[in-house]
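> Here is a sequence together with a model predicted from it:
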Amino acid sequence: MKLLLIKGIHFLLSLMGRGGSLPGTIALKMDADILKKFKMPEKVIMVTGTNGKTTTSNLIVESFAKAGYRVIGNRKGDNLKEGIVTLLCTHSSLRYEVQADVVVLEVDELTVMRVFKDLGVTTFVVNNFFRDQLDRAGEMETIVRRIESVLDDYEGHLILNANDPNVVRLADRAKKADIHYYGVGKNAVSSETSNEASEGKFCPRCGRPLHYDYYQYSHIGKFACECGFGKNDIEYFVDAIDYENETFTMNQKTYHSFQNAIYAIYNCAAVLCCMGVNGVSDECANEVFKTFTMHKGRNELFDLNGKCLLNLVKNPTGANEVMKAIMKNHEDKNIMIILNDHDQDGRDVSWIWDAHFDLLIDEHTKRILCSGTRAYDIALRMKYEGYENIEVYEHVEDGIIRLKELKEDAYVIATYTALQSTRSIIRRHAS
Amino acid sequence: MNLKICWMYHDLMDLYGDKGNVQVLKIRAQKRHIECIVDTCSLKEEKDLSNYDLLFIGGGADKEQSLLVEDLLSRKENIQKAMDEGSFVLLICGGYQLFGKYYLDGDGNKIEGLGFFDYYTESASRDVRCIGNIAIEADVEGEKFKAVGFENHGGQTKNVSTPFGRVLSGQGNSFGCGFEGFYNGSVLGTYMHGPLLPKNPQIADLILRKALKKRYGDVKLEQLDDTLENKAREVMLTRILKA
């Protein structure tokens, strides 16, 4: 009966163009234990980690679909408990039988602990742990410990990024799980030193300094400790990346990458590992990589009286990668940064000082426009990097109009809650 | 004229953008044509800290904090010498805690502090932290001014004889205690991240004057254009105090 009501609410909301987590919120109010009631299918895939979980889980959804499975997933990033409940309510019979062969769930790191055991997870994928929204978790250690706490009795597949020490650390707790590693070898962007790595300095097992053979980005790379930590067999290992042709090779086979960036290769490796352990042909994933498009507002191109590229930034690691990509273009440009501090952005904006905004400064960057609820914070960040051509716009639209008037290419980067509203504004002014 | 800063444990105690404080001090010194030398000092490095005008330690997670405490304690006499000779000390969060008697962390481990001051810190349980925007009214040698920041700490610091300021909104040294930080004229300890200095240029300049005093006596700092800084602070003050 309750389920019928929730389905009704979801239907009405979707007629109004809404949906997301509200039906789940109502369902949880009516029955706090509703998650325990669902009869889950044989394959339940959960993906967590700081960066790339939406992309990775969407790639997994599409790969299963390509292989002919009936698959559902919280594809729009509704990754809290409420969003998961909404998804299951709308895709189950009135007897709580989930009507799919595979459920793929992207789950927020701090939410994993609250839902893991009720969902009957059969494959658990952990991407990476970067500093992100520490105003919610307090410390990185808290996040890792909470995820560790679900692993003691877990007997399914555990898919881990072998190049992130905080992820590899989970294996020590998952004694009963079937562990599979993926990783990426040395390539054109690898380097022996890093000025981006804020984690991964010490061995999580023994506390001695970790040694890195190479870094890929942030603290992701090939590490090891003299105690033996980090020495694992990597089943799904990318041994070469061809950035020119946008391909990579794994176990002697060549695959397409859906985006020409190192972090995207990691997402592909996670997907191939997930499909492999679930007995699905890698060809299905490769087909998906060829045609996959990112979510709206992520690396999206507009014509705003010239080129205008919109991107999302959420945390130092993601921001560094976005900025590196922007600076590959050596044309004159104006850059607009929209920094909000709502709950979903992180109320603490100090992360902008951990990110390398100095990357944006060269002779081609003509102006930096600052906006958002913390416009002045990002303006100060640029000022104390020694940059002078700063313009502050308290209203995003005024900044976009200014970008349109200027002749140079435009790059807009926005935090989570600013992304879709900024996208609408750009679309209004774009031709 | 030059200013010598030693940024201690830069590789371990660098959470929540605290490195921005060093950046702000450096740029604000350079704009006054004061050369600014920033050295770092981490575990097992031999360095005479009394050679510096300013010592800085930022915040770190519990784990990092426990890794460095032995090294820090081995420098106790040297830090005392630096303070006696007039070096100024800026401490954020974890650094602030370690200058007190002890720190009891979230797992119940007691970490001995330098014990220069009588305050001590005990962690609230692992799931309870003081997190959020904070506004204070600082009271420094008769001069009162408002400052903003972001606090994020489990540690509850008690028995602070001379706080840095009065809390206008937020928690401060411990839940609901009404006071924030520690200030005694030569050491400023605070839980305010943000980082602290970009939006609070009066504090940055206070620190610069105090640090320069060691070798140059009273220095008058040229006024800078702080329009952006003041605007950034005002925006947050208005928002925080209205809530």
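Yes, it's here.
> going forward, measure contacts and count neighbours with C-alpha atoms only.
Will do.
> Might one say that A:Val412 is in contact with A:Leu304?
No. Look at A:Val412 against A:Leu304 with Cα atoms under 8 Å: they stay out of range, at 11.3 Å.
> more neighbours, those two?
Higher neighbour count among A:Val412 and A:Leu304: A:Val412, with 27 against 23, using other Cα atoms under 10 Å in any protein chain shown.
> Which residues are in contact with the more buried one?
A:Cys308, A:Leu309, A:Leu310, A:Asn311, A:Ile335, A:Met336, A:Ile337, A:Ile338 (Cα atoms under 8 Å, 6 or more residues apart in numbering or on different chains).
> need the residues of the stretch 151-300 of chain A near chain B, please.
Neighbours of chain B within the stretch 151-300 of chain A, by Cα under 8 Å from any Cα of the partner chain: A:Ser198.
> how about the helices of the stretch 151-300 of chain A, start to end?
Using DSSP state H, counting those that start in this stretch, the helices of the stretch 151-300 of chain A run over A:165-168, A:262-277, A:282-291.
> Output these in JSON lines; the columns should cover mean neighbour count.
Output for the helices of the stretch 151-300 of chain A, formatted as JSON lines (neighbours: other Cα atoms under 10 Å in any protein chain shown):
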{"stretch": "helix A:165-168", "mean neighbour count": "23"}
{"stretch": "helix A:262-277", "mean neighbour count": "22"}
{"stretch": "helix A:282-291", "mean neighbour count": "18"}
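> Quick one: closest of those helices to A:Ser92.
Minimum separation from A:Ser92 across the helices of the stretch 151-300 of chain A (Cα to Cα) falls at helix A:262-277, 24.3 Å.
> Next, the angle from that closest one to helix A:282-291.
Note on geometry: by axes from the mean of the first three to the mean of the last three Cα atoms, to 10 degrees, helix A:262-277 and helix A:282-291 are set 150 degrees apart in direction.
> Please work out the average pLDDT along helix A:262-277.
The average pLDDT within helix A:262-277 is 97.
> Strands of the stretch 301-431 of chain A, start to end?
For the stretch 301-431 of chain A, applying DSSP state E, counting those that start in this stretch gives strands covering A:307-312, A:333-338, A:365-371, A:390-392, A:409-414.
> mind saving the C-alpha coords of the helix or strand of chain B with the lowest mean pLDDT as CSV?
Least confident helix or strand, chain B: helix B:62-74 with a mean of 88, by mean pLDDT, DSSP states H and E. The C-alpha trace of helix B:62-74 is given here as CSV (Å, rounded to 0.1, in the frame of the first residue of the first chain):
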residue,chain,number,x,y,z
ASP,B,62,44.6,13.2,14.2
LYS,B,63,46.8,10.7,12.4
GLU,B,64,49.3,13.3,11.1
GLN,B,65,49.4,15.0,14.4
SER,B,66,50.4,11.9,16.2
LEU,B,67,53.2,11.3,13.7
LEU,B,68,54.9,14.6,14.3
VAL,B,69,54.5,15.0,18.1
GLU,B,70,57.8,13.4,19.0
ASP,B,71,59.7,15.6,16.6
LEU,B,72,57.9,18.7,17.9
LEU,B,73,58.7,17.9,21.5
SER,B,74,62.4,17.5,20.6
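> Work out the gap between the following helix or strand past it and the centre of the chain.
Next in sequence after helix B:62-74, counting helices and strands by DSSP states H and E, comes helix B:76-84. From the chain centre to the centre of helix B:76-84 is a distance of 17 Å (Cα atoms, centre = their mean, to the nearest Å).
> How about stretch A:353-368?
Using Cα atoms, centre = their mean, the offset of stretch A:353-368 from its chain centre is 23 Å.
> distance between the ends of it?
Taking Cα to Cα, to the nearest Å, the first and last residues of stretch A:353-368 lie 16 Å apart.
> give me phi/psi at the spatially most central residue of chain B?
Computing the C-alpha centroid of chain B and ranking residues by Cα atoms, centre = their mean puts B:Leu91 first, at 2.9 Å. When read as degrees, to the nearest 10, the backbone of B:Leu91 gives phi -130, psi 130.
> Could you tell me how many residues sit around the closest residue to it other than its chain neighbours?
Once flanking residues are discounted, B:Leu91 sits nearest to B:Gly189: 4.5 Å by Cα to Cα, 6 or more residues apart in numbering or on different chains. If you count neighbours by other Cα under 10 Å, B:Gly189 ends up with 25.
> Report the buried residues of stretch A:211-229.
Neighbour-count burial for stretch A:211-229 flags A:211-212, A:214-225, A:229 (criterion: 16 or more other Cα atoms under 10 Å in any protein chain shown).
> my bad, should have said stretch B:172-190
So, applying 16+ other Cα under 10 Å, buried residues of stretch B:172-190: B:172-175, B:178-183, B:186-190.
> I'd assumed A:Val85 was in contact with A:Leu35.
Yes. Between A:Leu35 and A:Val85 there is a contact under Cα under 8 Å: 6.7 Å.
> Settle it for me: which of the two has more neighbours?
Set side by side, A:Leu35 and A:Val85 show more neighbours around A:Val85, with 27 against 21, by other Cα under 10 Å.
> List of residues touching stretch B:116-128?
So stretch B:116-128 is in contact with B:97, B:99-107, B:154-161, going by Cα under 8 Å, 6+ apart.
> residues touching the closest residue in space to A:Val71 that isn't next to it in sequence, list them.
In space, and not counting its chain neighbours, A:Val71 is closest to A:Val102: 4.7 Å by Cα to Cα, 6+ apart. Contacts for A:Val102 were tallied using Cα under 8 Å, 6+ apart; they are A:Pro41, A:Glu42, A:Lys43, A:Val44, A:Ile45, A:Phe64, A:Tyr69, A:Arg70, A:Val71, A:Ile72.
> OK, contacts around A:Leu272?
Counting by Cα under 8 Å, 6+ apart, A:Leu272 makes contact with A:Tyr236, A:Asp282, A:Ala285.
> quick revisit: among the helices of the stretch 151-300 of chain A, which is nearest A:Val121?
Per Cα to Cα, nearest to A:Val121 of these: helix A:262-277, 13.0 Å.
> Just the CA coordinates for that closest one, please, in PDB.
Output of helix A:262-277 as PDB, limited to C-alpha atoms (Å, rounded to 0.1, in the frame of the first residue of the first chain):
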ATOM      1  CA  ILE A 262      44.000  10.100 -17.100                       C
ATOM      2  CA  TYR A 263      41.200  10.000 -14.600                       C
ATOM      3  CA  ALA A 264      38.800   8.800 -17.400                       C
ATOM      4  CA  ILE A 265      41.200   5.900 -18.100                       C
ATOM      5  CA  TYR A 266      40.900   4.900 -14.500                       C
ATOM      6  CA  ASN A 267      37.100   5.000 -14.800                       C
ATOM      7  CA  CYS A 268      37.400   2.700 -17.900                       C
ATOM      8  CA  ALA A 269      39.700   0.300 -16.000                       C
ATOM      9  CA  ALA A 270      37.200   0.100 -13.100                       C
ATOM     10  CA  VAL A 271      34.300  -0.600 -15.600                       C
ATOM     11  CA  LEU A 272      36.300  -3.300 -17.400                       C
ATOM     12  CA  CYS A 273      37.100  -4.900 -14.100                       C
ATOM     13  CA  CYS A 274      33.500  -4.800 -13.000                       C
ATOM     14  CA  MET A 275      32.200  -6.300 -16.200                       C
ATOM     15  CA  GLY A 276      35.000  -9.000 -16.200                       C
ATOM     16  CA  VAL A 277      34.200 -10.300 -12.700                       C
END
